[in-house]
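Trainee: Okay, sequence plus prediction incoming.
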Amino acid sequence: MGRSCFESACDHFEKQKGSAKINWKKRSEKKPITLLAIETGRIDSPPLEVISSIADGLGVLMSDLFSFEGFDDSVDELRAKINDLIQTDDAAVLRKYYRLLLVAQEK
């Protein structure tokens, strides 16, 4: 069974934290058995409350745990993927992409 995007994102942010691995798990305020069950895939769809707690513990947004695609890509790779997406003559699709880009720039 392949790893989920959620699991890959958790691993990525966990590695970024390095030696703080144990600390984020404590900060998530969830039982270690629950976190282990999520990491091993025994809990397939954790409740939003748990996901929010994990994101808080890792110091990231909840959405970062689900939109992991492209995290390891270079600037050129990302630009190429974006260019591939926008190669359409469908105005509705382009408007959607444009709105998403505007939302992404909001702070």
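Mentor: Arrived safely. Please read these numbers as outputs of a predicted model, since none were measured by experiment.

Trainee: Please make it C-alpha for all contacts and neighbour counts, starting now.
Mentor: Will do.

Trainee: dump the residue contacts of residue 88.
Mentor: residue 94 (Cα atoms under 8 Å, 6 or more residues apart in numbering).

Trainee: how close does it get to residue 96?
Mentor: The gap separating residue 88 from residue 96 is 12 Å, by Cα to Cα, to the nearest Å.

Trainee: Export the strand or helix carrying residue 97 to CSV, keeping only CA atoms.
Mentor: Take DSSP states H and E as the rule and residue 97 turns out to sit in helix 91-105. Provided in CSV are the C-alpha atoms of helix 91-105 (Å, rounded to 0.1, in the frame of the first residue of the first chain):
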residue,chain,number,x,y,z
ALA,A,91,-11.7,30.8,-19.6
ALA,A,92,-13.5,29.2,-16.6
VAL,A,93,-10.5,27.1,-15.8
LEU,A,94,-8.1,30.1,-16.1
ARG,A,95,-10.4,32.2,-13.9
LYS,A,96,-10.3,29.4,-11.3
TYR,A,97,-6.5,29.3,-11.4
TYR,A,98,-6.3,33.1,-11.2
ARG,A,99,-8.6,33.2,-8.1
LEU,A,100,-6.5,30.4,-6.4
LEU,A,101,-3.3,32.4,-7.1
LEU,A,102,-4.9,35.5,-5.6
VAL,A,103,-6.0,33.6,-2.5
ALA,A,104,-2.6,32.1,-2.1
GLN,A,105,-1.0,35.6,-2.0
